[in-house]
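S.K.: All I have is the shape, not the residue letters:
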């Protein structure tokens, strides 16, 4: 894992991004000798989205939900 300081990271951001893309290893960015951020490669989330949630099974949509009520004048 590579470690760099903020001023070096600002000066060579394109180079650091290329390194992260090629090696898939994160780069730690530090300030005054303390780590403050991690530059890492983006990973797509390819897992299928699950629908439902906490309301699943608790709500029922009536059969006539889409019908307009008849108004009497």
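M.R.: Nice, I can see it. Model, not experiment: these values are computed from the prediction.

S.K.: just how off-centre is the longest helix along the chain within its chain?
M.R.: Across the chain, the longest stretch assigned as helix under DSSP state H is helix 13-23. Counting by C-alpha atoms, centre = their mean, to the nearest Å, helix 13-23 is centred 20 Å from the centre of its parent chain.

S.K.: Which other helices and strands does it contact?
M.R.: Helix 13-23 sits against strand 27-31, strand 34-39, with contacts defined as 3 or more C-beta pairs under 8 Å, 6 or more residues apart in numbering; DSSP states H and E. For glycine as for every other residue, the C-beta is placed from the backbone atoms N, C-alpha and C.

S.K.: closest to residue 62 out of the ones you listed?
M.R.: Residue 62 sits nearest to strand 34-39 of all the helices and strands packed on helix 13-23, at 50.7 Å, using C-beta to C-beta.

S.K.: what about that closest one, average pLDDT?
M.R.: Here strand 34-39 scores 96 as its mean pLDDT.
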